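Student: starting from these lines, generate the structure:
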Amino acid sequence: MLVITTQTGSLPAGQMRWAARRHDDDRPDASSGTSAAGLFEAVFAALHDGEQVALGFDCPLTLPVSPGGGATAGPDALLVLAAPSADLPGIAELGRLLTELGTWRPWTTVSTSLWRWKANTSVLVWQAVWQPVPADGSRPVAPAAAADAFFRRIQPPAREQEADQPAGPVVNLAAAAARRAGLFVDEAELARPALSITVAGS
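Tutor: Okay, here's the model as predicted:
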């Protein structure tokens, strides 16, 4: 299992800070970089070796929609609702990564649900929510803290009430990005919140 966390929106176009850590490696900087190409290589290599990958992004992955706007909308309508967000910091980088995977590994399955991912899905996309959030909105990558938060979350006992239950009408931007990239994602996830894990700030 490879857990990757990213810092988005703070570097020039085509770059983002990322750091990766495996469940059996306590080094906070076991693998890291600032290029989209390097991130793709890390994800591709892990998938090629048969590992599951959990991608943590520090940008919003769930977009609330007006009542009635998404609760009963079909997949095509939800993709239309998600389209204006495709160029936002973080979502754009995620989209580029998934598009590359769609080119080189079109059979890759993506999920934003911990429970579906644990049932042998290739890639999990989850949102890292930092607490407290700095006043200027910046956040340095803290791979150890984010990876620790992820590993704690996947340990039993499972918290079923936090899984896949919509808090209101939403569109899942990560699931939409995977669909646009031609990767398989359960269409039901388009209308459900992406997995969100709180990471304690320093």
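Student: how many neighbouring residues does residue 93 have?
Tutor: Residues lying near residue 93 (other C-beta atoms under 10 Å) number 24. Where you see a C-beta, it was placed from the backbone N, CA and C, and this is true even at glycine.
Student: isn't it right up against residue 7?
Tutor: No: taking contacts as C-beta atoms under 8 Å, residue 93 lies outside contact range of residue 7: 10.2 Å.
Student: quick one: common contacting residues for those two?
Tutor: The overlap between the contact sets of residue 93 and residue 7 (C-beta atoms under 8 Å, 6 or more residues apart in numbering) consists of residue 16.
Student: for the chain, which spans come out with low pLDDT?
Tutor: In the prediction, the chain carries residues with pLDDT under 70 at positions 9-15, 24-30, 67-73, 132-143, 157-168, 201-202.
Student: residue contacts, the residue most central in space within it?
Tutor: In the chain, the residue lying closest to the centroid (C-alpha atoms, centre = their mean) is residue 125, at 2.5 Å. Taking C-beta under 8 Å, 6+ apart as the contact definition, residue 125 lies against 55, 57, 61, 94, 110-112, 174, 178, 194-195.
Student: if we go to 6 Å?
Tutor: 55, 112, 174 (C-beta atoms under 6 Å, 6 or more residues apart in numbering).
Student: look at the last one and say how many residues are nearby.
Tutor: Translated: residue 174. By the criterion of other C-beta under 10 Å, residue 174 has 32 neighbours.
Student: following the helix or strand encompassing it, which helix or strand comes up?
Tutor: In this assignment (DSSP states H and E), residue 174 forms part of helix 173-180. Next in sequence after helix 173-180, counting helices and strands by DSSP H and E, comes strand 196-200.
Student: partner residues bridging the closest residue to residue 51 other than its chain neighbours?
Tutor: With sequence-adjacent residues excluded and distances taken as C-beta to C-beta, 6 or more residues apart in numbering, residue 51 is closest to residue 2, at 5.3 Å. Counting by DSSP bridges, residue 2 is bridged to residue 22, residue 53.
Student: show me what contacts residue 2?
Tutor: Residues in contact with residue 2 (C-beta under 6 Å, 6+ apart) are 20, 22, 46, 51, 53.
Student: check the gap between it and residue 156 for me.
Tutor: 21 Å (C-beta to C-beta, to the nearest Å).
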